[in-house]
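Asker: pasting the structure only:
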């Protein structure tokens, strides 16, 4: 039986969280097939605006066994954003069945979690064998970055090796979305407090639901 999860994000580029979430689920012992869905609500005739309405519509269109709701902290405490998410989910629950929930709250922007692999940045920039030095932040410092998105875009420009007009025209946004596609191990992020909290929340839920290998094997005997 597949495990279907839906990710509802703050912005259109935040679907890059999908490989990260799938990796954590695997690390926590989920061995069944995982079917991720990103709730893309942008092209609806009337896209919902409030978080509670976005949750309701996402669950209507993307039914699932597990719901991830992402919000960047943007200066607020992680607990504040989580409380906002739980409140919106509770209000949505009056109109739709809500599956188990995990809040995804990077302290800064999601982009800060994608800047630990030089290889991934170079490949996303379309220059995997580039020799121009790029100065990636240490994972332990990413939660203190003032503008992770701007840092990511500049790193991609550097990694591209382009100069002049071609560099100015370089499609940084499209390249940024590809970084996650070249990441298959997020272990370096375990030193980032917000990532550690997310992994702990997923681990607790996986164990509680019996989605880990040991519990599932016992239930089948």
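Answerer: Looks like it arrived, so ask away. In this text, all values refer to a predicted model and were calculated from it rather than measured experimentally.
Asker: per-residue confidence at the spatially closest residue to residue 199 that is not a sequence neighbour?
Answerer: Excluding the flanking residues, the one nearest residue 199 by CB to CB, 6 or more residues apart in numbering is residue 24, at 5.3 Å. (C-beta placed from N, C-alpha, C; glycine too.) Looking at residue 24, its pLDDT stands at 97.
Asker: could you report the neighbour count for residue 24?
Answerer: 20 (other CB atoms under 10 Å).
Asker: what comes into contact with the helix or strand hosting it?
Answerer: Using DSSP states H and E, residue 24 maps to helix 17-27. Contacting residues not belonging to helix 17-27 are listed as 3, 5, 7, 9, 34, 36, 38, 68, 70, 104, 110, 113, 180-181, 183-186, 189, 198-199, 202, 206, 211 [CB atoms under 8 Å, 6 or more residues apart in numbering].
Asker: likewise for stretch 66-79?
Answerer: With CB under 8 Å, 6+ apart, stretch 66-79 has contacts from 3-10, 14, 17, 21, 51, 55, 58-59, 80-81, 84-85, 88-89, 98-110, 194, 197, 205.
Asker: need the buried ones from the residues you listed selected in PyMOL.
Answerer: To isolate the buried members of the contacts of stretch 66-79 in PyMOL, using 16 or more other CB atoms under 10 Å:
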select buried, resi 3+4+5+6+7+8+9+10+14+17+21+51+55+58+59+81+84+85+88+89+99+101+102+103+104+105+106+107+108+109+110+194+197+205
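Asker: which of the contacts of stretch 66-79 fall within helices?
Answerer: Among the contacts of stretch 66-79, DSSP state H puts 17, 21, 51, 55, 58-59, 80-81, 84-85, 88-89, 194, 197, 205 in helices.
Asker: what is the nearest of the residues you listed to residue 170?
Answerer: Nearest to residue 170 among the ones in helices among the contacts of stretch 66-79: residue 17, at 23.8 Å, using CB to CB.
Asker: if we can go back for a sec, drop anything exposed from the contacts of helix 17-27.
Answerer: Among the contacts of helix 17-27, those classed as buried by neighbour count (16+ other CB under 10 Å) are 3, 5, 7, 9, 34, 36, 38, 68, 70, 104, 110, 113, 180, 183, 186, 189, 198-199, 202, 206, 211.
Asker: residues near residue 192, how many?
Answerer: Residue 192 has 22 nearby residues by other CB under 10 Å.
Asker: which pLDDT value goes with it?
Answerer: In this prediction, residue 192 carries a pLDDT score of 90.
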